[in-house]
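1. Prediction below, plus the sequence it came from.
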Amino acid sequence: MRQAERLSWALTALVVGTWLALVEVFWLPLRVGGVLVPVSVVVAVVGNLLLPAGALRWSGSRLVAVLPAVAWLVVALGAMVRRPEGDLVMTGGGATGVVNLAFLMIGVLAAAFSVGRVLAGPRRPAVSPQNARAPDPAGSGTGGAR
């Protein structure tokens with residue numbers, strides 16, 4: 001049962017990381033009133049910081065926790081490659097190029113920081129009803145103050 005649960009968390013982490021990266025890539029050229037709005041950069045930082053930590057908390061596996069960052073990187077790098085038809089999602093000129101570069105650099109930095117924190121930190125057990133328990137009571141347990 002544990003392997004099936006871990007596999008489902010791995011699939012969930014991959015799907016969420018891929019979906020978030022796709023949304024961010026297609027938000028890159030977002031303009032409001034003709035002004036470029038770099039919302040993708042902010043979402044990339046927040047997503048890349050929160051997803052690995054959340055995946056570790058829920059799955060209890062460091063390998064599963066790394067998957068959203070890897071999926072994000074694959075999608076971001078894939079958006080820079082020209083397709084055979086000539087389509088290119090991430091272009092490199094003008095203000096859009098600056099936002100694209102900031103998206104890549106800051107997004108990768110946030111993902112690397114989060115993955116490093118997940119891999120270096122103590123292992124946390126997965127949160128589930130079976131291993132959830134009440135917190136330990138405060139105090140010495142003798143009934144008197146010391």
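-> Structure's in. What do you need?
2. the bottom helix or strand of the protein by mean pLDDT?
-> strand 35-36 (a mean of 88; mean pLDDT, DSSP states H and E).
3. Parallel or antiparallel, which strands does it pair with?
-> Take DSSP bridges as the rule and strand 35-36 pairs in its sheet with strand 31-32 (antiparallel).
4. Check what contacts the partner strand and list those residues.
-> For strand 31-32, the surrounding residues in contact (C-beta atoms under 8 Å, 6 or more residues apart in numbering) are Val37. For every residue, glycine as well, the C-beta is placed using N, CA and C.
5. Repeat that for stretch 110-126.
-> 5, 9, 44-45, 48-53, 56-62, 65-66, 69, 72-73, 131.
6. From those residues, which land in helices?
-> Those of the contacts of stretch 110-126 mapping onto helices are 5, 9, 44-45, 48-53, 56-59, 62, 65-66, 69, 72-73, per DSSP state H.
7. re the thing from before, how far is the least confident helix or strand of the chain from where the chain is centred?
-> How far strand 35-36 lies from its chain's middle: 26 Å, per C-alpha atoms, centre = their mean, to the nearest Å.
8. Now do the contacts for Leu30.
-> Leu30 touches 36-37, 39-40, counting by C-beta under 8 Å, 6+ apart.
9. out of the residues you listed, who has the most neighbours?
-> In terms of neighbour count, Ser40 stands highest of the contacts of Leu30 at 24 neighbours, by other C-beta atoms under 10 Å.
10. Distance of that residue relative to Trp27?
-> 4 Å (C-beta to C-beta, to the nearest Å).
11. now the contacts of stretch 110-126: which count as buried?
-> Buried members of the contacts of stretch 110-126, counted by 16 or more other C-beta atoms under 10 Å: 9, 44-45, 48-49, 51-53, 56, 58-62, 65-66, 69, 72-73.
12. hmm, who's touching the least confident helix or strand of the chain?
-> With contacts defined as C-beta under 8 Å, 6+ apart, strand 35-36 is touched by 29-30, 95-96, 99.
13. Give me the buried entries from these.
-> 29, 96, 99.
14. For Gly78, state which of the residues you listed is nearest.
-> Nearest to Gly78 among those: Pro29, at 16.7 Å, using C-beta to C-beta.
15. Grab the nearest non-local neighbour of that closest one.
-> Thr96 (5.7 Å; C-beta to C-beta, 6 or more residues apart in numbering).
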